[in-house]
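Undergrad: Please find the sequence and the predicted model below.
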Amino acid sequence: MKKTILKVTLAITMMFGSILIQGAVINTASAAASQSQPVMTDNLIKYGLKKDVELPVTVTAGGLSYTLEKIMIYDAKSKDALALAKKYGYDLNNAKYFVWTKITVENKSGNVVQQNAKDLRDKWRLRFGDLPEEEASAAMPEVSYYKPNSKEALWDWSLKPGEKLTTYQGLRYTGKLKYFELSVDNKRESSFANIVKWKE
């Protein structure tokens, strides 16, 4: 009888200890998760560009909504820029900077919105100054040149009414970094957001 009671007591003690240990592990994991670092959405401050608004930023014009979720500026000859150029087939010759963006584009209009051979007009612009050369230009990714609506490296795209696309886009830039303005132009309507305002 005493042996039976001893076994039951031992079993309960082991089970209770196991629960405590599991609880400690779970609590530790929860604490680690709560202390995790926030996701980095930009490195603008590295180039002296202090944001006036936080990302993501959405600009809408003519039913086209463009959301800039992430932007990273790299020196064109840097390790990061060259790795992206190699992976997606970007030509960075004569570029001073390579700008890598994560974006979401949504067609809220009643018509098809596109940028391809049927409509060559740029629908959004990223400007870092007032001069013509201070507007970033889309870099062509060879790997997705024939893949419309690529989710990895955007080139040609077309959205029917109600369609949305989250993707990445690379841009070349050669000018100075004075400020950062994002604008959208569609169907004779335009809108913009000053992410980094001009500071004299």
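TA: Structure received. Because the structure is predicted, anything quoted here is derived from the model rather than measured.
Undergrad: For Leu165, which non-adjacent residue is spatially closest?
TA: In this structure, Leu165 finds its nearest non-sequential neighbour in Val105, 5.1 Å apart by Cβ to Cβ, 6 or more residues apart in numbering. For every residue, glycine as well, the C-beta is placed using N, CA and C.
Undergrad: wait, is the one you found part of a strand?
TA: Yes. Assessed by DSSP: H, G, I helix; E, B strand; the rest coil, Val105 belongs to a strand.
Undergrad: For it, list the residues it contacts.
TA: Contacts for Val105 (Cβ atoms under 8 Å, 6 or more residues apart in numbering) come out as Leu64, Ser65, Tyr66, Thr67, Trp157, Leu159, Lys164, Leu165, Thr167.
Undergrad: Could you give the bridge partners of it?
TA: Beta-bridge partners recorded for Val105 (DSSP bridges): Tyr66, Leu165.
Undergrad: For the closest residue to Phe192 other than its chain neighbours, give the beta-bridge partners.
TA: Leaving aside its sequence neighbours, Phe192 sits nearest to Ser183 (Cβ to Cβ, 6+ apart; 3.8 Å). Beta-bridge pairing for Ser183 (DSSP bridges): Arg125, Phe192.
Undergrad: what's next to stretch 178-189, contact-wise?
TA: The set of residues external to stretch 178-189 that reach it, using Cβ under 8 Å, 6+ apart, is 44, 49, 57, 59-66, 68, 109, 111, 113, 121-130, 134, 190-199.
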